[in-house]
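Chemist: sequence and predicted structure are below.
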Amino acid sequence: MSNIELTVDGMKCGGCSGRLKRVLEATDGITGTDIVLDTKKVTVEYDAANIDTDAIKGLIEGAGFTVLAA
């Protein structure tokens, strides 16, 4: 398994982070997420054989958030 930590803008409440967590964890290849709303940090555990970091970033942006940094 691989991990990536991203800084994500646009999460303003627990509902936002919960929605992002559901989107990510419903995706094949993503095995877990940890979201810290206060620091805007999103850590994604994933199987690199099934999904890459560009696809993960695309999922986040498709959910209405902005990836600021990896």
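Modeler: Now that the structure is in, tell me what you want to look at.

Chemist: use CA for all of it now, contacts and neighbours both
Modeler: Noted.

Chemist: show me what the lowest-mean-pLDDT helix or strand in the chain is packed up against.
Modeler: Across the helices and strands of the chain, mean pLDDT, DSSP states H and E gives its lowest value to strand 66-69, namely a mean of 91. Under the contact definition 3 or more C-alpha pairs under 8 Å, 6 or more residues apart in numbering; DSSP states H and E, strand 66-69 sits against strand 2-9, helix 53-62.

Chemist: that strand pairs with which strands?
Modeler: strand 2-9 (antiparallel) (DSSP bridges).

Chemist: would you mark the buried spots in the strand it pairs with?
Modeler: Residues of strand 2-9 classed as buried by neighbour count (16 or more other C-alpha atoms under 10 Å): N3, L6, T7, V8, D9.

Chemist: same check on stretch 29-46?
Modeler: Using 16+ other C-alpha under 10 Å as the test for burial, stretch 29-46 gives 29-31, 33, 35, 37, 40-46.

Chemist: how far does that stretch sit from the chain's center?
Modeler: Remark: stretch 29-46 is offset 5 Å from the chain centroid, using C-alpha atoms, centre = their mean, to the nearest Å.

Chemist: what is the mean pLDDT for that stretch?
Modeler: For stretch 29-46, the mean per-residue pLDDT is 96.

Chemist: which residues touch that stretch?
Modeler: 1-9, 11-14, 17, 21, 24-25, 47-51 (C-alpha atoms under 8 Å, 6 or more residues apart in numbering).

Chemist: distance check, the closest residue to T53 other than its chain neighbours against I51.
Modeler: Distance criterion C-alpha to C-alpha, 6 or more residues apart in numbering; nearest residue to T53, sequence neighbours excluded, is I4 at 7.5 Å. Taking C-alpha to C-alpha, to the nearest Å as the measure, I4 falls 12 Å from I51.

Chemist: got it, and A69?
Modeler: Here the criterion is C-alpha to C-alpha. By it, A69 lies 19 Å from I51.

Chemist: likewise A63?
Modeler: To I51, A63 is 17 Å away according to C-alpha to C-alpha.

Chemist: again with T66
Modeler: With distances taken as C-alpha to C-alpha, T66 is found 19 Å from I51.
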